[in-house]
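Colleague: Structure for the following, please:
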Amino acid sequence: MDLEAWSAMQTEENGHLQKMASLQAASIGWPAVPGIPTTPVVKRVIRLDVPVDKYPDFNFVGRILGPRGNSLKRVEALTECRVYIRGKGSVKDSLKEEKLKDKPGYEHLNEPLHVLVEAEFPENIINARLDHAVTILESLLRPVDESLDHYKKQQLRELAMLNGTLREESPSMSPSMSPSMSPFNSAGMKRAKTGR
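Modeller: Residues are numbered from 1 along each chain as shown. Okay, here's the model as predicted:
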C-alpha cells in the first residue's frame with residue numbers, strides 16, 4: 001500500500017466515520033419519548049480466512065499486529081470493532097501452541113489461520129462498522145512484494161521509533177546508494193576492541 005493509497009484510505013475512513021456519527025446520533029432515542037424509535041443493539045462476528053496455503057512464507061500475523069500490536073489497535077480504534085487472530089499459527093511460540101491445542105478455549109488452534117471481526121452496535125449501523133473493518137483487514141491480507149510494501153516500511157519505522165533506534169535519512173540517501181556511501185563500508189566503521 002503506497003502513501004497515496006494510505007491517505008485515500010484515511011479519507012475514505014473519515015467519510016465512513018462521519019456517516020456513522022450521523023447514523024449514531026439519529027439512532028439515539030430517549031426512553032419514554034414518543035415518536036423516536038430506538039434500534040436494538042446486536043452482536044455480529046465475521047470470519048476472514050488468511051491465505052497461508054497460497055502464501056506460506058508471508059507474515060500475515062505480523063502485518064496485522066504491527067509493532068507491539070499497534071496496527072491492530074489502530075484498526076480497532078477506527079472501526080470500534082474487536083479483531084481476533086485465531087487458528088494455527090496465531091500463537092507465536094509453536095511449542096506452546098501444540099500444548100494449548102486440546103485445552104478448553106483453544107479449540108481454534110485446530111483450524112486454519114483466520115481473523116474474527118466482532119461488533120456490537122445498534123442494528124442500523126453495525127453493517128457499516130463491520131464492512132469498514134473488513135475492508136481494512138482484507139487490504140492487509142493481500143500479500144505485497146517486500147520492495148513495494150510501504151505499509152511494512154511504515155511499521156518498521158514505527159518500531160524503530162518505539163525502540164529509540166530511528167535514524168533519520170537525508171533526502172540525498174537512497175536505497176541505490178553506492179557502496180562507498182553505505183553506512184556499512186569499512187572506512188566508516190570502527191573495529192571492535194579485542195583487548196590486545
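
Colleague: end to end, how far does stretch 60-69 reach?
Modeller: 13 Å (C-alpha to C-alpha, to the nearest Å).

Colleague: Pull out the buried positions in it.
Modeller: 60-61, 63-67 (16 or more other C-beta atoms under 10 Å). C-beta coordinates here come from the backbone N, C-alpha and C atoms, glycine included.

Colleague: And the next helix or strand past the helix or strand encompassing I136?
Modeller: Here I136 sits within helix 126-140, counting by DSSP states H and E. With elements assigned by DSSP H and E, the helix or strand that comes after helix 126-140 is helix 150-163.

Colleague: same for that following helix, what does it pack against?
Modeller: Other elements packing on helix 150-163 under the criterion 3 or more C-beta pairs under 8 Å, 6 or more residues apart in numbering; DSSP states H and E are helix 3-27, helix 60-65.

Colleague: Would you mark the buried spots in it?
Modeller: Buried-residue list, helix 150-163, by 16+ other C-beta under 10 Å: 151-152, 154-155, 158.

Colleague: Student question: in this protein, what's the helix or strand with minimum average pLDDT?
Modeller: Ranking every helix and strand in the chain by mean pLDDT, DSSP states H and E puts helix 3-27 at the bottom, with a mean of 52.

Colleague: and after it, which helix or strand comes next?
Modeller: Immediately after helix 3-27, counting by DSSP H and E, sits strand 41-49.

Colleague: residues making contact with that following strand?
Modeller: Here strand 41-49 makes contact (C-beta atoms under 8 Å, 6 or more residues apart in numbering) with 112-123, 126, 130, 133-134, 137-138, 141.

Colleague: May I see the buried residues of helix 150-163 arranged in TSV, with distance to D93 and pLDDT as well?
Modeller: As requested, the buried residues of helix 150-163 are exported to TSV (distance: C-beta to C-beta, whole Å; pLDDT from 0 to 100):
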residue	distance to D93	pLDDT
Y151	26	75
K152	23	79
Q154	27	84
Q155	21	81
E158	24	83
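
Colleague: Closest one to K103 out of those, please.
Modeller: Q155 (31.7 Å; C-beta to C-beta).

Colleague: I'd say that closest one and G66 touch.
Modeller: Yes - here Q155 reaches G66: they are 4.9 Å apart, a contact under C-beta atoms under 8 Å.
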